[in-house]
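# coords below, sequence missing:
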RNA sequence: GGCCCGUUCGUCUAUCGGUUAGGACAAAUGGUUUUCAUCCAUUAAAGAGGGGUUCGACUCCCCUACGGGCUACCA
């Protein structure tokens, strides 16, 4: 077999918003494709018409755009040579392959009703046998293997409902190589005759997946571990269809687990875990329930990419901060871990903090300005930018900009009670008034001059400057913590600083 | 229940038979910042259990336990 161009795909179902585990799967596919100069395609697997969720497909596209993982082929990103990329639109092309399997004796028609299937399963369970439609039980069911030939023909001609099932050998080892886990062996005696083609004329995931990966010339299937159990079935399909030579390599990713312990992260976790599980905010079209997104929670796309990359993979060095380009260069499937990873909110926060610091003040200023406008506050962009420069290091999320900077835009009317209780005494108002008077005399209202004036006033009043500093800060901002005081006062400007102190004198007792 | 996959500090992980088992997040302590955050330093913290193989196992094999996934005309 000659070297084929690397082609990978991300193939989600539009049954709801994509969760971060899905984003990670997409990311690994993307990194692998870019690393090898290959193609990354987005295919929408919507073979289950009953589970269609309006908006989900668009959500997937928007999410990939936000994190910057852009497919170069597929729905939402321009059609390539293998369009369409939505399985519902490929419906017509699956039937011929299903027929091929039937003709070759690898699949058969089954006419059992749901009730009959249930009855079979109940019966088997009652006798403590594995309840599956397989080489043994199919002989007792209504299918083209048990029905007389003309009976099958009659039913098909009468358009009676049927499905097509794969005909698995009774006992056969199926062995395949997983790029992450090594050789995996499963015996067909533990598998069942999976439905390949449904009575509504749509293929099931298994069939559509194999046909699409084959026709789209996919070389590597990188997907979640939940698919590992069905991989042997997929291998058999490639074999029965005569495509084993070009069968893609498989890599089954470890799952993202809930931080509290049990189970994999799922869409239904929504906001229950205390952190977003979705890249973007999502409103359920049926219940109108809103689930938070990383973007809206103030995460930076670059941080999300970086932290997701490290949940189940590492470069083998101590470097933890990676640009996408660096990830592409460093990424290898061999270094993906085998076990599930619990999502760690603290680490996520740390990653975001690292990235927030790298953002230019101008860019943060744009964000803060949006938050200000949401509060109906107009402010000068240069001033906003300077504020961002002062508080940048204190925040972990861009949405915290307003929380940490509000007193720069709104002069405080309430004051931290703990500090007041501890520091305010009968002399405090006198000192503040002295400061006001002295500040009035400053021509160049810059940090050094302000600090000098402050020290003079404190000395005159025979108070250690450090004993008054907290009170001075609270008088100016209302809160106990913040950026360096004199720099901040300079930024407020002389008039605002004096206003603030005058209000403090009047308000605090 | 059956089948498959997995198991190193609280968390993410390094280690590809010989190491004082390393790093990061979180935690604690000290310093810096006359505040908070930052930053710096230090500390505490791990090979699930039992058998093998080997001169020597975290590393290879087996068993057990535990965790996870799958077990639909869902993906």
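Perfect, thanks for sending it. Keep in mind the model is a prediction, meaning the values are calculated, not measured.
# so how far is stretch A:365-376 off the chain centroid?
26 Å (CA atoms, centre = their mean, to the nearest Å).
# do stretch A:52-68 as well
Worked out by CA atoms, centre = their mean, stretch A:52-68 lies 11 Å from the chain centre.
# And stretch A:5-23, by the same measure?
The chain centre lies 11 Å from the centre of stretch A:5-23; the measure is CA atoms, centre = their mean.
# Kindly report the same for stretch A:247-254.
Taking mean C-alpha positions (CA atoms, centre = their mean), stretch A:247-254 and its chain are 21 Å apart.
# do stretch A:213-226 as well
Averaged C-alpha coordinates place stretch A:213-226 at 20 Å from its chain's average position (CA atoms, centre = their mean).
# buried stuff in that stretch?
For stretch A:213-226, the neighbour count (16 or more other CB atoms under 10 Å) marks A:213-214, A:216, A:218-225 as buried. In short, each C-beta sits where N, CA and C put it, glycine included.
# if we look at that stretch, which residues are touching it?
For stretch A:213-226, contacts defined as CB atoms under 8 Å, 6 or more residues apart in numbering pick out A:4-9, A:11, A:21, A:25, A:28-29, A:32, A:38, A:41, A:43, A:82, A:93, A:179, A:212, A:238, A:241, A:243, A:246, A:248-255, A:264, A:333, A:340.
# Quickly check: stretch A:114-121 near RNA strand B or not.
Yes: counting by CB under 7 Å from any atom of the strand, RNA strand B has neighbours in stretch A:114-121: A:114, A:117, A:121.
# and the contacts of stretch A:213-226, which are buried?
Among the contacts of stretch A:213-226, those buried by neighbour count (16+ other CB under 10 Å) are A:6-9, A:11, A:21, A:25, A:28-29, A:32, A:38, A:41, A:43, A:82, A:179, A:212, A:238, A:241, A:243, A:248, A:250-255, A:264, A:333, A:340.
# These in strands, which ones?
A:7-9, A:41, A:250-253 (DSSP state E).
# that older thread, of the residues of stretch A:114-121 next to RNA strand B, buried ones?
With burial judged by 16+ other CB under 10 Å, the buried subset of these is residue A:121.
# near RNA strand B, from the contacts of stretch A:213-226?
For RNA strand B, the contacts drawn from the contacts of stretch A:213-226 by CB under 7 Å from any atom of the strand are A:11, A:254-255, A:264, A:340.
# quick one: what helix or strand has residue A:121 in it?
Element membership of residue A:121, judged by DSSP states H and E, is helix A:114-126.
# Now do the contacts for residue A:75.
A:42-44, A:57, A:61, A:85-86.
# For the stretch 201-350 of chain A, give me the ranges with low pLDDT.
Along the stretch 201-350 of chain A, the parts satisfying pLDDT under 70 run over A:261.
# And what about residue A:486, helix, strand or coil?
Following DSSP: H, G, I helix; E, B strand; the rest coil, the label given to residue A:486 is helix.
# could you measure it against residue A:424, distance?
When distance is defined by CB to CB, to the nearest Å, residue A:486 is 21 Å away from residue A:424.
# RNA strand B contacts on the stretch 401-509 of chain A?
By CB under 7 Å from any atom of the strand, the residues of the stretch 401-509 of chain A that approach RNA strand B are A:455, A:465-466, A:469-470, A:473, A:480-485.
# Just give me the closest of those residues to residue A:133.
Proximity of those to residue A:133 (CB to CB) peaks at residue A:481, which lies at 66.0 Å.
# Can you list the neighbours in contact with the helix or strand of chain A with the lowest mean pLDDT?
Lowest by mean pLDDT, DSSP states H and E among the helices and strands of chain A is helix A:417-423, with a mean of 87. Applying CB under 8 Å, 6+ apart, the external contacts of helix A:417-423 come out as A:467-468, A:470-471, A:473-474, A:480, A:508.
# Just the buried subset of those residues, please.
Buried, going by 16+ other CB under 10 Å: A:468, A:470-471, A:473-474, A:508, out of these.
# how about the helix or strand hosting residue A:352 against RNA strand B, any contact?
Counting by DSSP H and E, the element that carries residue A:352 is helix A:345-358. Yes: for helix A:345-358 and RNA strand B, the contact criterion (CB under 7 Å from any atom of the strand) is met by A:346-347, A:349-350.
# in the stretch 201-350 of chain A, which spans are helices?
A:205-215, A:231-240, A:301-309, A:324-330, A:345-358 (DSSP state H, counting those that start in this stretch).
# got CSV for those, with distance to residue A:502 too?
Formatted as CSV, these follow (distance: least, CB to CB, whole Å):
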stretch, distance to residue A:502
helix A:205-215, 71
helix A:231-240, 74
helix A:301-309, 43
helix A:324-330, 52
helix A:345-358, 35
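# and of the ones you listed, who's closest to residue A:403?
helix A:345-358 (13.4 Å).
# now the angle from that closest one to helix A:301-309?
150 degrees (axes from the mean of the first three to the mean of the last three CA atoms, to 10 degrees).
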